Each structure stands twice: as C-alpha cells, then as structure tokens.
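Visitor: Could you work out the structure for the sequence below:
(2 chains)
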2 protein chains.
Amino acid sequence: MRITVLAGGVGAARFLRGLKSAVPEAQITVIGNTGDDITLFGLRVCPDLDTVMYTLGGGINEDQGWGRAGETFSVREELAAYGASPAWFTLGDRDFATHILRSKLLAEGRPLSAVTEELCRRWQPGVRLLPMSDDPVETHAEIQGSERALVHFQEWWVRLHAEVPALAITAVGAEDAAPGPGVLDAIAAADFVLFPPSNPVVSIGTILSVPGIREAVAARTVVGVSPIIGGAPVRGMADACLTAIGVETSASAVAAHYGSGLISGWLVDDQDKAAADDPALGGIVVRALPLYMRDLATTTAIARAAVDLAKELA
Amino acid sequence: MRITVLAGGVGAARFLRGLKSAVPEAQITVIGNTGDDITLFGLRVCPDLDTVMYTLGGGINEDQGWGRAGETFSVREELAAYGASPAWFTLGDRDFATHILRSKLLAEGRPLSAVTEELCRRWQPGVRLLPMSDDPVETHAEIQGSERALVHFQEWWVRLHAEVPALAITAVGAEDAAPGPGVLDAIAAADFVLFPPSNPVVSIGTILSVPGIREAVAARTVVGVSPIIGGAPVRGMADACLTAIGVETSASAVAAHYGSGLISGWLVDDQDKAAADDPALGGIVVRALPLYMRDLATTTAIARAAVDLAKELA
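Guide: Numbers count the residues shown, from 1 in each chain, chains lettered A, B, ... in the order given. From the prediction side, this is the model:
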C-alpha cells in the first residue's frame, strides 16, 4: 500500500506515528510544509520538516511536541548575551546542530530535498520525507499595527502569539515555486492521500499553493482528519488562521473549505458528528470517531479509520 | 602610552592580561593573527581572535587557555551523530554561538574587522582588537603523506598533532591581502611594538607576511618575548613550525630569525641568558628574567620588563 501524506508539524507528526503503527507495511511518503521555514542567525530552520523527522526518528521533546528531547540552551543564551536578534524564537543546542548542518549543505548548493534526505539518514523516520518544494516559500501574515505590514508567519505566530489578527495570509514565493523532486510522482503513485489534523491554512493550504500540487492531489482519493474539534483547534491557533481567510472554526467549515473537489472523506470527532448531515459537505463522506490523539493507541485508531475510509472510497 | 601588540592565541592572550595589569593607563592595540582561521560546518572560526577576546573579556577556559569557561558540547555531539565532519576540531556550545553570529555578520557583507568590533562590544576586552587583515589568509602546512600535500594549519596542528613533519608553511592568500583597517596606523602611532611569546612562524610570522605590516613594524621600536625557554616551546608545538622553516628551537635562534632589522629588544628566560652573548644577536638588546607566565603576577612582571626595555630603546 502506498500512502502520501501532506504534513504540517506537531499534529501531522503524531498522526504519522499512528499511521506507521496502523499500517506498518505501507510505504508512506510525507510531503512536508516548508512555508514556516525561516532564516535565524543566518541558519535555515525548517520547523515542520524537523518536527516530523524528530518525532518519527525518536528525538522529539514529547511534552512540547517540537524541538529535541533533553535540550540545553547555551547557544541561545550566548546569542542573547551578544544582543543578537531575534530573541523570541527558541532554539536548543541539539536543534542548532541540525540547522548548522542544513545551512552548510544548502550553502554548498544542495537542494533542500537532498539536504532533508541527508538529515533523515541519521533519523531513519521510516517514511520518505519530501519538502513540498526546493524553492523558498515563506508564509507571511498581513497585520495591522501602526501600519499594515507583512510579517513572517513565525513572527506573527511565535512572537505575537497570533494575538494581532491577521488580515490575510500569503505564501510568499509560492506562485514561482515548483513541487520538489518526487512530490508529484508520490501523489500520482499513491493509493490515496491523507491530510492529517494539520493547520488547513498555513500547513496543508501552503502545500496546496505550490502550483501543480493541488491538481495532483485532487486527482486522487483524499481523506482528511479534522484539526478542529468542538469548534476549537486541538492544538495551536488554527482559528486565527481560519479567521484570516474567512473560514469558520468548525470541522464542517474546514471540510467545506477543502471542498468535495479535493477531499472525498472527512473524519470528525464524535462531538462534531452533525457534520455528516451538513448540506455544505455534499459529496464528502463524513465519519465520526474519538479524534483526540491522546496516545499511540488512540492515534493508531484514528489513522486506521482514515486508511479504512480511504480504501472504501478509492 | 600607546602600545601595539602582534598576537597569536593563548600565549599572547595571557601576556596581554599581564600587559593591561602592568600599564593600565596604556592604550593597547592588538593586531590579531587570522591565519589560523578556518571554516568548520559552514561557520567561520577565528581561534586567535577569540582566544584574545575571551581571555581579556573574562570568558576563557582558564585551564586549557582557549575556548569558553563552563562549556557544554551538545552541538558537537549532534553533528557527530549526523556524521558531519570534521570531528577532530572541538567546539563547545558557547563558542558555537560566537561563530554563528560572526558567520551571519560576514554573510551580510560586513568585513571581519567590523564583525570583531561587534563581538568585542560584548566582551569589552579593554584593548582594541584588529584582525591583521579583512582578506582571507589561511596558513597551510605542506606535509609528506602518501604524496606531498598542503593541509590547513589546523588540520596539521589539531588533527595530526604536528607529528607529521611540515616541509613548509605557507600563508595562503597573504600576498594578495591588505592590512586591516587601522592596522598600519596603529603600528605607526605606537610608542613601541611588542611581540608576545607567540609562535614566531604561524602567529607573528603570518601577521608579518601581510604586505606592508613587516615594513611598518620594522620602522618602530620592537621588543619581543621569547616563546622558547630552555630549547623548548613553553606551550604548543612551535618547535615543529620552526623546524619547518629551518630555524633551531632556541631563544637565540628565534631572535636571530626576526633579526636586528626587525626587533631591538628580546626577553629571554634566565636559563637562556647566554643569548646575551650570542654574536648572531648583534644589535639586539637581550635581557634575561623568569619568563614562565605562571600567574598574573609573574606575567605582569614580564610585561613590565618588556615595556621598560621598549621605553629604554625607543
């Protein structure tokens, strides 16, 4: 069985752990969002790719869901002592090593896809992890401060905690980006495509904004897992992103936003089972089940339900 | 009083601490060797500049004489886990922060002199620290392995422990390098110039190899402190460097190598006082005193003797 998954960060990484457990025999290709990538202290940081890599490779900080286990923060403290900015993005010493090596390899002219493969050689995540594009795409939020300004997504999300409303969210560079090597092939060759409970705007949405990817995905059977339970994001601040694009924060609204032209099946939490009767979701098969990824067992059950529905619909 | 000092790493840094203590009112300019600089993991490392900066700024690892106090090694361990090379050069986490920031500022197009000034803003070393040049100069050793090869000085020194004899030592890029901003002025404006007990070949020698610096220094009163005591380097493997350029490892031979055209005064250890009668040192005033820099008091006494001799000769 070949499964291709469009992935953001923490939610996707945990879902993928469940998916590997549910269908250990499957060949899983993960198309990772790179719109959150940012250059900090001259080093290229790819938060979503690393979260997937560390989680599946056994190096993640389980409590916070991102960053490395057993971290120390000497480099960060030293940079702060130098007055180097930005101080609002926390990188641990172990994590810094990844960014140092990535930046070195990129500076040598290797594309992000090759660099990611090189990093994964250590982590052995058990999936093929492909950046959505080798071209730089950076998600920006348009915010209203003293004047309207575009700020990098990470600045809005991490520094401002998305407390300032975003008026728009833009994947800068997306229109000129090409899908990374193997991305379109992995979608075309998949038995089906899954959307984990990732942010529909700045994770899945950004991946779909790379020309060619949306069309390739739409041609396949797609099953998504709602990142919204009971009208709130399970994690993070997806509501702020949905508001920015004029979509209500509900399991139904997210499915309607994707639309029946893109997704065929949609998993919602039991408390959102009314979505099955939502006329806006015509053409999308909705299935309700417990959707909180509390541990590996519940996550495996969710992944299995997604696979089962996809097999039914394929 | 204005004093300009040509400096290598550990020996120079300790001598400078004594000099600041001996003549706290003096304006000291340090011209730092950058021939040991090396790019590791894509980051620019300047061992001699940093040793001076950390030592005078209170951040040095006192026991080893280089690197930061209280170091941890997470970044290094992680890079090793990735299989990233080279593994033979030890960089601590705190030290990495310096190299990350330096590399970022260099990548933004700032010259090394400006970057060094920026780093020193934190450390406040109490001297003006000028790289010998903003142009890249890298000392290489020519060694005979299975074939003759040029290797970076650090590789010969740190990885091979200088156990393979160097057939020659070359400052690659020196002939095309220009003295850094302020370097020639600092030499011209000095009441006198001091050579600390630094390596005569790969520290002082490399600085002097930048076109214009030797001539500027030779026009001033110069007093040097012998890095050789009793026929052996006080620290490091200067003997291997001297052998490579055909100079005997003795206090006399080093002074003769500099020559009376360059230095006017030469401090040797009491056990080398016979140098005062060496006919090869005609024109150089030799003075003997205890020359091991055991602690701040002894180092201050050595620095004071150098200053006193220079004032006599100026």
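
Visitor: Only C-alpha atoms from now on, for both contacts and neighbour counts.
Guide: Noted.

Visitor: following the strand or helix carrying residue A:224, which helix or strand comes up?
Guide: Taking DSSP states H and E as the definition, residue A:224 sits inside strand A:222-225. The first helix or strand that comes after strand A:222-225 along the chain, using DSSP H and E, is strand A:228-229.

Visitor: That following strand pairs with which strands, and in what direction?
Guide: Strand A:228-229 pairs in its sheet with strand A:232-233 (antiparallel), by DSSP bridges.

Visitor: residues making contact with the strand it pairs with?
Guide: Outside of strand A:232-233, the residues within contact range by C-alpha atoms under 8 Å, 6 or more residues apart in numbering or on different chains are A:227, A:239, A:249-250.

Visitor: Same question for stretch A:5-21.
Guide: Around stretch A:5-21, the neighbours that count as contacts under C-alpha under 8 Å, 6+ apart are A:26, A:28-33, A:47-49, A:51-52, A:55-56, A:65-66, A:126, A:193-199, A:203-204, A:207, A:235, A:293, A:296-297, A:299-304.

Visitor: Just checking the distance from that stretch to the centre of its chain.
Guide: 9 Å (C-alpha atoms, centre = their mean, to the nearest Å).

Visitor: Going by neighbour count, which residues of it are buried?
Guide: Residues of stretch A:5-21 classed as buried: A:5-21 (neighbour count, 16 or more other C-alpha atoms under 10 Å in any protein chain shown).

Visitor: Show the average pLDDT along that stretch.
Guide: In this model, stretch A:5-21 has an average pLDDT of 98.

Visitor: Among the buried residues of stretch A:5-21, which ones are in strands?
Guide: Applying DSSP state E to the buried residues of stretch A:5-21, the entries found in strands are A:5-7.

Visitor: Take the longest helix seen in chain A, keep the C-alpha atoms, and write them as CSV.
Guide: Selection of the longest helix in chain A by residue count, based on DSSP state H, yields helix A:296-313. What follows is helix A:296-313, C-alpha atoms only, in CSV (Å, rounded to 0.1, in the frame of the first residue of the first chain):
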residue,chain,number,x,y,z
LEU,A,296,-0.2,5.9,20.4
ALA,A,297,-3.3,3.6,20.7
THR,A,298,-5.8,6.3,20.1
THR,A,299,-3.7,7.9,17.3
THR,A,300,-3.3,4.5,15.7
ALA,A,301,-7.1,4.0,15.8
ILE,A,302,-7.6,7.4,14.1
ALA,A,303,-5.1,6.6,11.4
ARG,A,304,-6.6,3.2,10.8
ALA,A,305,-10.1,4.8,10.4
ALA,A,306,-8.6,7.2,7.9
VAL,A,307,-7.0,4.4,6.0
ASP,A,308,-10.2,2.3,6.1
LEU,A,309,-12.3,5.1,4.8
ALA,A,310,-9.7,5.9,2.1
LYS,A,311,-9.7,2.3,0.9
GLU,A,312,-13.5,2.3,0.8
LEU,A,313,-13.5,5.4,-1.3
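
Visitor: mind listing the strands for the stretch 151-300 of chain A?
Guide: If DSSP state E, counting those that start in this stretch is used as the criterion, the strands of the stretch 151-300 of chain A fall at A:166-172, A:192-195, A:222-225, A:228-229, A:232-233, A:265-269, A:285-289.

Visitor: near chain B, which residues of the stretch 101-250 of chain A show up?
Guide: Proximity of the stretch 101-250 of chain A to chain B (C-alpha under 8 Å from any C-alpha of the partner chain) is limited to residues A:101, A:103-104, A:107, A:119, A:122.

Visitor: can you rerun that using 7 Å?
Guide: A:101, A:104, A:119, A:122 (C-alpha under 7 Å from any C-alpha of the partner chain).

Visitor: Contact partners for the last one?
Guide: Right, the one you point to is residue A:122. Residue A:122 makes contact with residue B:82, according to C-alpha atoms under 7 Å, 6 or more residues apart in numbering or on different chains.

Visitor: run the last query once more with 8 Å
Guide: For residue A:122, the set of contacting residues under the criterion of C-alpha under 8 Å, 6+ apart consists of B:81-82.

Visitor: Residue A:268 and residue A:230 touch, don't they?
Guide: No: counting by C-alpha atoms under 8 Å, residue A:268 sits too far from residue A:230 to count as a contact (9.4 Å).

Visitor: so what sits against both of those two?
Guide: Shared between the contact lists of residue A:268 and residue A:230 (criterion: C-alpha under 8 Å, 6+ apart) are residues residue A:251.

Visitor: where are the low-confidence patches of the stretch 151-300 of chain A?
Guide: Within the stretch 151-300 of chain A, no stretch has pLDDT under 70.

Visitor: residue ranges of the helices in it, please?
Guide: Secondary structure of the stretch 151-300 of chain A (DSSP state H, counting those that start in this stretch): helices located at A:153-154, A:183-189, A:204-208, A:213-218, A:238-244, A:251-258, A:296-313.

Visitor: which one of those helices lies closest to residue B:133?
Guide: Distances from residue B:133 to each of those were compared using C-alpha to C-alpha; the shortest belongs to helix A:153-154, at 38.2 Å.

Visitor: Pull the residues that contact that closest one.
Guide: A:36, A:38, A:138-141.

Visitor: Serialize these to CSV and add fields for neighbour count, distance to residue B:274 and secondary structure.
Guide: As requested, these are exported to CSV (neighbours: other C-alpha atoms under 10 Å in any protein chain shown; distance: C-alpha to C-alpha, whole Å; DSSP: H, G, I helix; E, B strand; the rest coil):
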residue, neighbour count, distance to residue B:274, secondary structure
A:36, 24, 70, coil
A:38, 21, 64, strand
A:138, 21, 70, strand
A:139, 25, 73, strand
A:140, 23, 73, strand
A:141, 27, 76, strand
